[in-house]
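Colleague: Sequence unavailable; structure follows:
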């Protein structure tokens with residue numbers, strides 16, 4: 001493929017219901033900013049854009065885009081949500 005460098009990217013397909021949820025997360029003011037950014041990354045990837053292009057659009061890194069692209073492909077919307085932190089829980 002002309003113009004593409006690096007490893008080939010897994011095809012990212014977004015269902016209509018997933019697209020709706022991603023758009024809600026990316027636009028809602030009450031959404032955590034980290035989740036909103038992840039949603040925007042996946043939406044841009046779903047348009048067939050390369051990691052570098054998406055990184056430039058969201059002002060992030062290629063590695064960050066690759067991480068969230070991969071998480072979405074593996075675990076869909078659930079993969080974009082925050083995971084519990086390791087370690088002991090605080091008493092409170």
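Modeller: In hand now; what should we look at? Here the structure is a predicted model, which is why all the values come from computation and not from measurement.
Colleague: Next, count neighbours for residue 54.
Modeller: 24 (other CB atoms under 10 Å). (C-beta placed from N, C-alpha, C; glycine too.)
Colleague: Please identify which helix or strand holds it.
Modeller: Assigned by DSSP states H and E, residue 54 belongs to helix 51-58.
Colleague: what comes up buried for that helix?
Modeller: 51, 54, 55, 58 (16 or more other CB atoms under 10 Å).
Colleague: contacting residues for residue 72?
Modeller: Residue 72 sits next to 12, 42, 45, 79, 80 when contact means CB atoms under 8 Å, 6 or more residues apart in numbering.
Colleague: give me every residue that touches the second one.
Modeller: With contacts defined as CB under 8 Å, 6+ apart, residue 42 is in contact with 12, 14, 22, 68, 69, 72, 80.
Colleague: Mean confidence (pLDDT) on stretch 38-54, please.
Modeller: Mean pLDDT, computed over stretch 38-54, is 96.
Colleague: Figure out the length between the terminal residues of that stretch.
Modeller: End-to-end distance of stretch 38-54 (CA to CA, to the nearest Å): 11 Å.
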